[in-house]
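1. coordinates only, sequence not included:
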């Protein structure tokens, strides 16, 4: 079965620190990969996505992610976090099953950035 | 485009009552998904539709949950009877060609 694993459930950083959130997926077919962010009390917003091509994907707000097919990974990075990046981050894979698509999420990582 | 529209934003109901959550997907999107978010379980896929047809409802927790999509612009998720453990945020999402858009969610509290 398809699944997504996020290694860190909680991350605490100081402003200007670098961020890397791990994501591994289990799916044998062609994947579309996503990172979503959920600010407190808000809905999910797309940070970035990978469909094909350059495995290094740049998203909004200075975030980027690298697709490493051999490692089944899609880690999210940001060189210097800000207090406003405090949120929950979800990795997701678009899995194709029986000819249909569905989006499966990891458990999420709560990021707290201290000034 | 107004995006995916969910209503109500907040719902407080008593245990045993029927609850209906509503979703209007983005026009032209051919998939609609219902997710439930809780602290304990994270984001769970409950059911999804393709061209108004339910494809996979294996995530629906119990027979108390049902979902319909009578047309391309409207879907409902119904819980009857509701229980306190159904308290969660319910998100609707729609997509075409793997570009998913989420609604603002309905925060359901069952007391």
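-> Noted; the coordinates are in hand. Given the structure is predicted, the values throughout are model-derived calculations rather than measurements. Residues are numbered from 1 along each chain as shown, chains lettered A, B, ... in the order given.
2. host element of residue A:4?
-> Assessed by DSSP states H and E, residue A:4 sits inside strand A:3-6.
3. so what does the next helix-or-strand element following that strand touch, helix or strand wise?
-> Downstream of strand A:3-6, the first helix or strand assigned by DSSP H and E is strand A:10-14. Under the contact criterion of 3 or more C-beta pairs under 8 Å, 6 or more residues apart in numbering or on different chains; DSSP states H and E, strand A:10-14 touches strand A:19-21, strand A:109-114. Glycine gets a C-beta too; all of them are placed from N, C-alpha and C.
4. avg pLDDT for the strand holding residue A:4?
-> Strand A:3-6 shows a mean pLDDT of 91.
5. sheet partners, orientation included, of that strand?
-> Using DSSP bridges, strand A:3-6 pairs in its sheet with strand A:23-26 (antiparallel).
6. flag every buried residue along the strand it pairs with.
-> Buried residues in strand A:23-26, counting neighbours by 16 or more other C-beta atoms under 10 Å in any protein chain shown, are found at A:23-25.
7. what's in contact with the helix or strand following that strand?
-> Counting by DSSP H and E, the element after strand A:23-26 in chain order, helix or strand, is strand A:32-38. If you take C-beta atoms under 8 Å, 6 or more residues apart in numbering or on different chains as the criterion, strand A:32-38 is touched by A:23, A:25, A:44-51, A:59, A:63, A:65, A:67, A:74, A:76, A:87-94, A:103, A:105, A:108, B:98, B:100, B:102.
8. at 6 Å instead, please
-> Here strand A:32-38 makes contact (C-beta atoms under 6 Å, 6 or more residues apart in numbering or on different chains) with A:44-51, A:65, A:74, A:76, A:87-94, B:98.
9. which parts of chain A sit against chain B?
-> Residues of chain A lying close to chain B (C-beta under 6 Å from any C-beta of the partner chain) are A:32, A:43-44, A:94, A:100, A:102-103, A:105, A:107-108.
10. again, only this time at 10 Å
-> A:6, A:9, A:32, A:34, A:36, A:38, A:41-46, A:49, A:51, A:88, A:90, A:92, A:94, A:96-108 (C-beta under 10 Å from any C-beta of the partner chain).
11. buried among those? Make that a PyMOL selection.
-> In PyMOL, the members of these classed as buried (16+ other C-beta under 10 Å) are selected with the following command:
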select buried, chain A and resi 6+32+34+36+38+43+44+46+49+88+90+92+94+101+102+103+104+105+106+107+108
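12. sitting in helices, which of the residues of chain A next to chain B do you find?
-> Cross-referencing those against helices under DSSP state H gives no overlap.
13. tell me the centre residue of chain B?
-> Geometric centre of chain B, nearest residue: residue B:34, 3.7 Å, by C-alpha atoms, centre = their mean.
14. for the worst-scoring helix or strand of chain B on mean pLDDT, buried residues please.
-> Using mean pLDDT, DSSP states H and E, strand B:99-102 stands out as the lowest-scoring helix or strand of chain B, at a mean of 88. Neighbour-count burial for strand B:99-102, counted by 16+ other C-beta under 10 Å, picks out B:100-102.
15. could these go into TSV alongside distance to residue B:20?
-> Output for those, formatted as TSV (distance: C-beta to C-beta, whole Å):
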residue	distance to residue B:20
B:100	23
B:101	22
B:102	20
